[in-house]
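coords below, sequence missing:
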Ligand code: FES
Ligand code: FES
């Protein structure tokens, strides 16, 4: 067992976990923040993307213990109260989701993408989405949503 | 009605919870006292189980129980079923072997279910599963459908000698032979339809729970059809009587067919909960999804097309070998037969068709419906073979299609289906314009000068959706009727709850169904709640698959609304002291014809429950109506998809430059959602054509493409932008004119892509998936 302490969505948390506990399982099973999903066992799908110290990270690729002291943001912490983050709003406006399972990871990935890259064009967005799988949408409306949010946030 | 009614691109009501992370999928549930299940699976494709020793596992930390096939057998539980009886040519019933949820003495594919280890934590269950000692005697295995039929192939089920489950036929053999005898041209073409792994992004999951006080069971599960799951688990598996079992399918993260079926894991979790008297939770790891979700497709087909000198089709003869896997999954037998052979007429006037299908057991994961289910396979056969004919006869692929289009409706095909309506030239024409067919020659020349090979390919597909008229499918072997149910509950304040037997796992029913209610009753869409996915709240329903929820599910709602309106009119008549026949209802208001008297819908709904203003001995109080809607025919969405692509001969890499889809789905409730369905379908279709392949190693029967590292899922940068258009002929077979849109992309796209590739390479015979290596190899041979 290891004691892990970190900040999640602005709240300090601390708990004993088994050493092998992945960050994603800590978030889902211990903190009960189930918006972060698990879609694979090979770090290929991106359903588990959260922000670790402001950067998008697949939370299935790190141990909870490795996030010791980190500032974590999950999909539940993205909106500002009742006001959706522009990326969340854009996913709804442009029908960037169907079953919603990939969506939290897509949105967290997109927020980071927009932060890092000014003037996102379609090709860049598609390349940046390499690590996130969606089986429902064919990506077109996800790309559209990210582009729209990016433009709105830069304006 | 504008704004939120039929035809409006209303933003989805369900999105709010998904974009904020507050969706509730099965794995998100944590039940009080739940234990975790982990399955011991066969590492072999085919083996005898000589013994299972679970002593060490039972002694391990946290282990609650280890249950195996003999425990299931001791409880006298039935096996899993295949719900569609198919007959062979000689009239005999298909030869189905037993399908126990946990293997008893034999495993038949890699990943087959041997035991469940239940422990306090998932980690403990996994650790202990390593300690379960299974003594296997391995047997030779076969994973290829054609090889399984060869003499000397390993025998998989005693019941099906030579591994042949059925040899089915449809159509008039003699008439088709005569058509071939009179043909000016005969095209022969052999094709594969590659095995696909559905890979909904949410893995399957189940939590079984047992309530000792009442003896009630609850199963939370990733299901497209919770009532059917309950029926099978009670009536066939005989776990517990139907009224003692509640099945809940909460938010479900995509299905594409793979979550229709009643699988071993879900069955075992429900049963095990009763054994250990606490909830048992299992969530598939992705590698388990690869191994044990029902796969799709996997056909080998030889097709022959007879044509006259002008390229008019005289006859089609098809023989298909369908790999059904190691057990017959829930609807496995229907997919390569009645959902396939019946669509072989395509959009064409084909006077004679004869098809035979061998359904074959192999040592692979069971194969069942996957997006399109039989219809993509049929479209692929027809559209590819027709292109082969056009190429041989030096006809333009658009022209040969035009010459053969059905133009009069209703049209009876020689393979059961009666097409009710369509306008095939219209969608072809619109697609030709969208892709700028006239400019293609110039674009091809430009590509050539850049060292690239450009091709264009068509797929004028048809599908049968809105499944289905119950008596019709019953006569074809279905074990159930395929109607749908709805209950429309108007509350006293005029808000509305709709309980539907359909299930949404991405389709957006909470929005589209509410649009229908809003349109018909004039109720704001926010005052409409769509309730689905829980057998405790919803009356029996058949679930969502086969693009049926619009055509069948919404028609049931529409029928129930008719009854609500009829009753509300009666009440309004009393309230306004007018004759019932004078009451009109529009835009949410009841009026008396020729007067200015009017009542708003909530005034009447309130009165219905107060019961003061009408004689309750004549009219019962309350405003709640139900309907079961059985369609009168299948629906026939159809359209034209055109793909334009470029191949780099140096690398064999294919880039889709343009993908155009023009579809006729009948009436559209929400164009935004329909477009999204088309996008998703095309993505899966392109995935099949270029990327995806479920491959078993022939010697060992191991699944080689068993993870996202090996199985190529379409990613954002593998796919082009899709240009989507619509044409519309209203479906006459249901009150709303809807045909269904969920599968068109997956049905149409593979043939369009592969025809384009054939055009680029000048070669018809290209297997799917046409990976860069495949394409490059073909180019080496042909250069
Ligand atoms: S669950 Fe982390 S990448 Fe798939
Ligand atoms: S919306 Fe279903 S996987 Fe992306």
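Arrived safely. All figures in this text were calculated on a predicted structure; none of them were measured in a lab. Ligands and ions are numbered 1, 2, ... in the order given.

can you tell me the element the residue in chain B that chain A sits nearest to falls in?
Taking CB to the nearest CB, chain A has its nearest neighbour within chain B at residue B:21, 1.9 Å off. Yep, even glycine has a C-beta here, placed from its N, CA and C like the rest. Using DSSP states H and E, residue B:21 is not contained in any helix or strand.

what sits against the nearest residue to it once chain neighbours are set aside?
Nearest residue to residue B:21, sequence neighbours excluded (CB to CB, 6 or more residues apart in numbering or on different chains): residue A:35, at 1.9 Å. By CB atoms under 8 Å, 6 or more residues apart in numbering or on different chains, the contact list for residue A:35 reads A:74, A:75, A:76, A:104, B:20, B:21, B:22, B:23.

near ligand 2, which residues of chain A? Just list them.
For chain A, the contact set with ligand 2 under CB under 6 Å from any ligand atom comprises A:97, A:98, A:99, A:100, A:101, A:102, A:103, A:134, A:135, A:136, A:137.

how close does the third one get to ligand 1?
Think residue A:99. 15 Å (CB to the nearest ligand atom, to the nearest Å).

just the contacts of residue A:35 now: which is nearest residue B:229?
residue B:23 (20.7 Å; CB to CB).

torsion angles phi and psi at the closest residue to residue B:104 other than its chain neighbours?
In space, and not counting its chain neighbours, residue B:104 is closest to residue B:69: 3.9 Å by CB to CB, 6+ apart. Phi and psi for residue B:69, reported as degrees, to the nearest 10, are phi -60, psi -40.

run a quick neighbour tally on residue B:69.
When neighbours are counted by other CB atoms under 10 Å in any protein chain shown, residue B:69 registers 20.

residues touching it, list them.
B:49, B:100, B:102, B:103, B:104, B:105, B:114, B:115.

is the fourth one in a helix, a strand, or coil?
The three-state assignment at residue B:103 reads coil, by DSSP: H, G, I helix; E, B strand; the rest coil.

sorry, back to before: farthest pair in the contacts of residue B:69?
It's B:105 and B:115 that sit farthest apart of these, by CB to CB, at 13.2 Å.

please say which of these two ends up with more neighbours.
residue B:115 (25 against 12).

buried ones in the one helix or strand that one maps to, by neighbour count?
Residue B:115 is part of strand B:113-119 when elements are defined by DSSP H and E. Neighbour counts over strand B:113-119 (16 or more other CB atoms under 10 Å in any protein chain shown) mark B:113, B:114, B:115, B:116, B:117, B:118, B:119 as buried.

the second one contacts residue B:42, correct?
Yes - shown here, residue B:114 and residue B:42 form a contact pair, counting by CB atoms under 8 Å, at 5.8 Å.

picking up where we left off before, in PyMOL, select just the buried ones from the contacts of residue A:35.
Selection of buried members from the contacts of residue A:35 for PyMOL, criterion 16+ other CB under 10 Å:
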select buried, (chain A and resi 74+75+76+104) or (chain B and resi 20+21+22+23)
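
quick one: which of the contacts of residue A:35 is nearest to residue A:111?
For the contacts of residue A:35, the nearest to residue A:111 is residue A:75 (9.8 Å; CB to CB).

list the contacts for that closest one?
A:35, A:36, A:50, A:104, A:107, A:108, B:19, B:20, B:21.

whichever residue of the stretch 401-550 of chain B sits closest to ligand 2: neighbour count?
Nearest to ligand 2 in the stretch 401-550 of chain B, going by CB to the nearest ligand atom, is residue B:506, at a distance of 5.3 Å. Using other CB under 10 Å, residue B:506 is surrounded by 30 other residues.

cool, and residue B:741?
Residues lying near residue B:741 (other CB under 10 Å) number 28.

domain map for chain A?
Using automatic domain parsing, the domain parsing of chain A gives A:2-77, A:86-154.

how far is the longest one from where the chain is centred?
Spelled out, that is domain A:2-77. Chain-centre distance of domain A:2-77: 10 Å, with CA atoms, centre = their mean, to the nearest Å.

ends of it, what's the gap?
Its start and end residues considered, domain A:2-77 measures 25 Å (CA to CA, to the nearest Å).

and what of the last one?
Across domain A:86-154, the terminal residues are separated by 11 Å (CA to CA).

stretch B:42-61 now?
23 Å.

pLDDT averaged over the strand holding residue B:115 - what is it?
For strand B:113-119, mean pLDDT is 98.

toward the C-terminus, what is the element adjacent to that strand?
Following strand B:113-119 in sequence, per DSSP H and E, is helix B:122-129.

same question for that next one: list its buried residues.
The neighbour-count check on helix B:122-129 (16+ other CB under 10 Å) flags B:122, B:123, B:124, B:125, B:127, B:128, B:129 as buried.

for the helix or strand encompassing residue A:72, list every residue counted as buried.
Following DSSP H and E, one finds residue A:72 within strand A:71-73. Within strand A:71-73, the residues that count as buried by 16+ other CB under 10 Å are A:72, A:73.

same check, this time on stretch B:508-526
Neighbour counts over stretch B:508-526 (16+ other CB under 10 Å) mark B:508-523, B:525 as buried.

before we move on, back to that, pLDDT score for the residue of chain B closest to chain A?
98.

related to what we said a few turns ago, doesn't the residue nearest to residue B:21 belong to a strand?
No - read with three-state DSSP, residue A:35 is coil and lies in no strand.

do you know how far it is from residue B:282?
Going from residue A:35 to residue B:282 by CB to CB, to the nearest Å gives 21 Å.

quick check: phi and psi on the most centrally placed residue in chain A?
Most central in chain A under CA atoms, centre = their mean is residue A:108, positioned 3.0 Å from the mean C-alpha point. Backbone torsions of residue A:108, given as degrees, to the nearest 10, read phi -60, psi -40.

just list whatever residues bridge to the residue nearest to it when sequence neighbours are not counted.
Nearest non-adjacent residue to residue A:108, counting by CB to CB, 6+ apart: residue A:49, 4.4 Å away. Taking DSSP bridges as the rule, residue A:49 bridges to residue A:58.

which ones are touching the nearest residue to residue B:349 once chain neighbours are set aside?
Nearest-residue entry for residue B:349: residue B:406, 5.1 Å, with adjacent residues in sequence omitted and distances by CB to CB, 6+ apart. Contact partners of residue B:406, counting by CB under 8 Å, 6+ apart, are B:347, B:348, B:349, B:419, B:422, B:424.

tell me the pLDDT at residue B:406?
98.

how far away is it from residue B:351?
From residue B:406 across to residue B:351, the span is 11 Å (CB to CB).

next one: residue B:474
28 Å.

hang on, residue A:15 in a strand?
Yes - assignment of residue A:15 by three-state DSSP places it within a strand.

who does it form a beta bridge with?
residue A:4.

point me to the residue of the stretch 1-150 of chain B nearest ligand 1.
Closest contact between the stretch 1-150 of chain B and ligand 1, by CB to the nearest ligand atom, is at residue B:27 (11.8 Å).

go ahead and confirm that residue touches residue B:285.
No - between residue B:27 and residue B:285 there is no contact under CB under 8 Å: 11.3 Å.

higher neighbour count, those two?
Comparing residue B:27 with residue B:285 by other CB under 10 Å, the one with more neighbours is residue B:27, at 24 against 16.

before we move on, the earlier item: torsion angles phi and psi at the residue of the stretch 1-150 of chain B closest to ligand 1?
phi -70, psi -10.

contact partners for it?
A:28, A:34, A:38, B:202, B:203, B:205, B:281, B:283.
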